[in-house]
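Colleague: Below is the sequence, then the predicted model.
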Amino acid sequence: MTANQILFYLISAFILGAGLIAVTARKVFRSAIWLLFSLIGIAAFYFWIRVEFVAAVQIIVYVGGIVVLIIFSIFLTQQSGKEMAKPLQGRAAFSALAVISGFVLTYLLIFQHSFNPATNNSIEGSVANIGSQLLSISEHGYVLPFEVVSILLLAAMIGCIVIAIKSRPETK
Amino acid sequence: MPDKIYLSLIPLLPLATFVLLGLFGRKYFKTFSGIIGTTSLFISCLISLTTAYNYFFVSGKVNGVYQHIIALKYTWLQFSPDISIDMGIILDPISVMMIVVVTFVSLMVHIYSLGYMKGEERFATYYSFLSLFTFSMLGLVLSSNIFQIYIFWELVGVSSFLLIGYYYDKPSAVAASKKAFIVTRFADLGFLIGILILSFNARTLDFETLIQRLTDLSSPQLQTAAAASFLGASALTWGLILVFIGGAGKSAMFPLHIWLPDAMEGPTPVSALIHAATMVVAGVFLVARLFPVFAISCPVALHVVAYVGALSALLAAIIACTQTDIKRVLAYSTMSQIGYMMFALGVAGYGGENGLGFMASMFHLFTHAFFKALLFLGAGAVIHMIHSNEMKDMGGLRKFMPITHITFLIACLAIAGIPPFAGFFSKEEILTAAFHSDKIIYSVALITAAITAFYMFRLYFSIFWNAPSHLERAGGEVHHGEGTASMKLPLIILAAGALLAGFIPFGELVTSDGAPLETHMDLTFSIAPVLLAITAILFARSMYMKQNNLPQKISKTVSALYQYSYHKFYIDEIYLFITKKIVFNLIGRPAAWIDRNIVDGTMNMIAALTGIFSDTIRGFQSGKVQNYAIYFFAGVIGFAVLFIYLWK
Amino acid sequence: MNEIPLSHILFVSTALFFIGAYGFFTRRNMITMLMAIELILNSVNINFVAFNKYLYPDKLDGIFFTIFIITIAAAEAAVAIAIIINLYRSHKSIDVENADELKF
């Protein structure tokens, strides 16, 4: 058992544990914080698997952006100290059942399929490589999705403002 | 018979009159409808008489035997290559005799009704119903096919229903018409089953073929019919007895007679036509039509006919002795005389000397039509004058209605069997036939003859002699008079018939096998019934001609018999008990319960189940995203399992 | 990295996916439903990166996909919050059981 393996198991236990508590916690603020921990655990996983750039993006966008956004919306819409309502009768049991059966099914499929790791040359995921490929127009270039995502972000921004805007009161 | 199409006019003329008067009579013709009805029937009667003359005296015989002539035949419904319903007209001695009787008596009733029903608001409707009835009865007697006779049988029942319930605002009339229809309909159920059995076994519905197949002792159909057995009697016996039950219902034989007295609620001319001379003899006619099968192939059924007829005759005679409504007395008298006709058929055999009973029965049918119609029409004249049916309101009427008096007396003498009136000859033939075949029935017939004479003359004396009526008490003022000429003319004609009909040599015309039958008049034999009748008449005279208390004393002495007779042997009460307590409670109520709870309940339950099911499914459209997500997810998992593991 | 077989990593991502699904089905608060969706998206990201590193180490496509997914998740979270705020204004509650106007 090398340190690598031990580290991986620790990280994955952290991710799954935090995720579980995030979906079952009764207080909403605590649920948000456990989500935050789970996302940080995922970033640690990215570090372990040596895609550092993605880990950095994860921390910046997810942890620093989305979770903060969620916390702000919690403040905007309710009292965060109170306990949340319990799920409906039978809903928890039925969902647990469905989810566990789905998991068993999926993992059986995965388990039966033998994935053979490739052994050819690996390219390093450094920032320079990622950047040059992101803006290249050759076969593996991603400049088009890059531009599309930019427009999508613009649309999302405008959409958020339009949806959340308060309608102006009628002037006399 | 060269051109037979004119024969179809005999029933079709009354049918056309029915349609014409039924549709237009009330509005356009009004009182002229009577003339229309009478005229069309007069033409029909003339054609019938011409046909009868031609058949009996000119061209009906071949080698001295009267033929059964199929005048018209038309295939109506073909069920299979060998069974089909053919509508047709058959001419044989009994059908020709019957068309004469029916058209003649119907004509008399039409003429009489011109005066009797004058002033009625629904005059045209009355004549249209009369024409419908005449059409149905003529169709019945001319039928060449057993199914056709059933169709006309039901039509006759409908006409009777319409006519009995003519005064539809009287509840008793409505109840009586319903009773008549239901009782005869019930009997017709037996008739239908009998038809099915007989036609199934004989593989045909046609009378000629059926009779021929079921009487030929070597025919395969007879073998199978006589062999197939159910509860101890062969299929043939069952078929014939069921057919007889149908006839017994229509002819008011015991125990299906309960409708006939109540049917007197109808107008009196209707009683004369339907319930005296024509419809009630339909049962006798049916047995006569199927007589070869009865006599040759199934004597058991013939015995049943005989005993039922004799019992009805005796029973009705006893009941008639105590009734006070004159029409009811005449109704029971009809039942008794039809009983005579039935048992006369029952004691007969087929062919030659054995067929005496058959000839006597048909002869009695013929003469009975005359004097019974006469009695009813005379009673109608009395009722028209007194406005009451009860004997206690009558008496001493011979001074006020001489013609009615004389004709009524002639009819009473005829029915009592006094020579030389018509009834004597026909009754004598019946008694001879009974004597030679079954002594018990002969003695019953003799006793009934005596009782008949007694109650008829009780009726006669109570109406025309005896105590003063309220007319006399009122100082002899007459409101109505005896009736118009149109009411008196039929009485006179029918009286002539009652006098002279006995002299017709019936034995040469109508016999069981068509060959003429020699009848001898045995004087010593006929003395006994005549003497009995005269004694009964004198006994009635002593009781009823003058006011005295002899009737009360006698009724107290035999009080039990008197009570039974007065209450008609409680048969109506028994029927009511059976229907109300047994049929309604044990069959009707459970059936209604099953219908409401189980049949309707099943339908309601199906509807409710659909409702519950739809309510359950409705919950799927809850509008909640999470529910949708769960269903979606569960469905995906389900399909994944299905396609990956279970359905490679 | 080669000592951990790919199926273990896939176990983690599958488990995270179904945990997120459970949270999505069970939670009554709309914001916590959104959090569960984020978990699902992250599990997909783990999948992409793992497959890229194990099966196609000479390409970078998995990383790009991951980046794009993160971007779009951010935009979607923003729009979702806007909707939740709007709904809060009309219903005065963010209980998802109250948003059933599309009922039969």
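Modeller: Yes, it's here.
Colleague: Mind picking out the helix or strand in chain A with the poorest mean pLDDT?
Modeller: Here the helix or strand of chain A ranked lowest by mean pLDDT, DSSP states H and E is helix A:127-134, holding a mean of 86.
Colleague: Which helix in chain C has the most residues?
Modeller: Secondary structure of chain C per DSSP state H: the longest helix is helix C:61-91.
Colleague: What's the mean pLDDT across that one?
Modeller: Per-residue pLDDT over helix C:61-91 has a mean of 92.
Colleague: what's the angle between it and helix A:127-134?
Modeller: Following axes from the mean of the first three to the mean of the last three C-alpha atoms, to 10 degrees, one obtains 80 degrees for the angle between helix C:61-91 and helix A:127-134.
Colleague: List the contacts of B:Leu500.
Modeller: Each residue near B:Leu500 by C-beta atoms under 8 Å, 6 or more residues apart in numbering or on different chains is listed here: B:Ala422. No exception for glycine: its C-beta is placed from N, CA and C like everyone else's.
Colleague: does residue 161 belong to a helix or a strand, and which?
Modeller: In the absence of a named chain, chain A is used. helix A:143-164 (DSSP states H and E).
Colleague: let's do chain B instead
Modeller: helix B:146-164.
Colleague: and the longest helix of chain C, is it in reach of chain A?
Modeller: Yes. Helix C:61-91 is in contact with chain A by C-beta under 8 Å from any C-beta of the partner chain, via C:61, C:63-64, C:66-68, C:70-79, C:81-86, C:88-89.
Colleague: Could you tell me which of those count as buried?
Modeller: Those of these that meet the buried threshold are C:63-64, C:66-68, C:70-71, C:73-79, C:81-85, C:88, by 16 or more other C-beta atoms under 10 Å in any protein chain shown.
Colleague: Chain C contacts on chain B?
Modeller: B:Arg618, B:Gln621, B:Ser622, B:Gly623, B:Lys624, B:Val625, B:Gln626, B:Ala629, B:Ile630, B:Phe633.
Colleague: if you set the cut-off to 6 Å instead, what comes out?
Modeller: Listed as neighbours of chain C in chain B under the rule C-beta under 6 Å from any C-beta of the partner chain: B:Arg618, B:Gln621, B:Ser622, B:Gly623, B:Lys624, B:Gln626, B:Ile630.
Colleague: And these, which is closest to chain A?
Modeller: Here the nearest of these to chain A, counting by C-beta to the nearest C-beta, is B:Ile630; it sits at 6.4 Å.
Colleague: quick one: low-confidence parts of the chain?
Modeller: I went with chain A, as the question did not name one. Scanning chain A for pLDDT under 70 picks out A:79-81, A:169-172.
Colleague: Sorry, I should have been clearer: chain B.
Modeller: In chain B (pLDDT under 70), the answer is B:1-3, B:63-64, B:468-482, B:648.
Colleague: repeat that with 50
Modeller: B:1-2 (pLDDT under 50).
Colleague: and it, which of its residues are near chain A?
Modeller: So chain B meets chain A at B:Phe633, B:Ala634, B:Ile637 (C-beta under 6 Å from any C-beta).
Colleague: What about the last one, how many residues nearby?
Modeller: Residues within reach of B:Ile637, counting by other C-beta atoms under 10 Å in any protein chain shown, total 18.
Colleague: likewise the second one?
Modeller: For B:Ala634, the neighbour count with other C-beta under 10 Å is 17.
Colleague: ditto for the first one
Modeller: Around B:Phe633 there are 18 other residues, counting by other C-beta under 10 Å.
Colleague: and the helix or strand harbouring it, how far from the chain's centre?
Modeller: In the assignment (DSSP H and E), B:Phe633 maps to helix B:625-641. Taking C-alpha atoms, centre = their mean, to the nearest Å, one finds the center of helix B:625-641 at 79 Å from the center of the full chain.
Colleague: Then stretch B:592-611?
Modeller: That offset, for stretch B:592-611, works out to 44 Å (C-alpha atoms, centre = their mean).
Colleague: outside of that stretch, which residues touch it?
Modeller: Applying C-beta atoms under 6 Å, 6 or more residues apart in numbering or on different chains, stretch B:592-611 turns out to have no external contacts.
Colleague: Now it - C-alpha only, PDB.
Modeller: Below are the C-alpha coordinates for stretch B:592-611, written out as PDB (Å, rounded to 0.1, in the frame of the first residue of the first chain):
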ATOM      1  CA  ALA B 592     -85.300  -7.300  -9.000                       C
ATOM      2  CA  TRP B 593     -82.700  -7.400  -6.200                       C
ATOM      3  CA  ILE B 594     -80.200  -9.100  -8.500                       C
ATOM      4  CA  ASP B 595     -80.900  -6.600 -11.200                       C
ATOM      5  CA  ARG B 596     -80.400  -3.600  -8.900                       C
ATOM      6  CA  ASN B 597     -77.500  -4.800  -6.900                       C
ATOM      7  CA  ILE B 598     -75.600  -7.200  -9.000                       C
ATOM      8  CA  VAL B 599     -76.100  -6.200 -12.500                       C
ATOM      9  CA  ASP B 600     -76.300  -2.500 -11.900                       C
ATOM     10  CA  GLY B 601     -73.800  -2.900  -9.100                       C
ATOM     11  CA  THR B 602     -71.300  -4.400 -11.500                       C
ATOM     12  CA  MET B 603     -71.700  -1.600 -13.900                       C
ATOM     13  CA  ASN B 604     -71.400   0.900 -11.100                       C
ATOM     14  CA  MET B 605     -68.400  -0.900  -9.800                       C
ATOM     15  CA  ILE B 606     -66.700  -0.800 -13.200                       C
ATOM     16  CA  ALA B 607     -67.300   2.900 -13.400                       C
ATOM     17  CA  ALA B 608     -66.100   3.400  -9.800                       C
ATOM     18  CA  LEU B 609     -63.000   1.400 -10.500                       C
ATOM     19  CA  THR B 610     -62.300   3.500 -13.600                       C
ATOM     20  CA  GLY B 611     -62.700   6.500 -11.400                       C
END
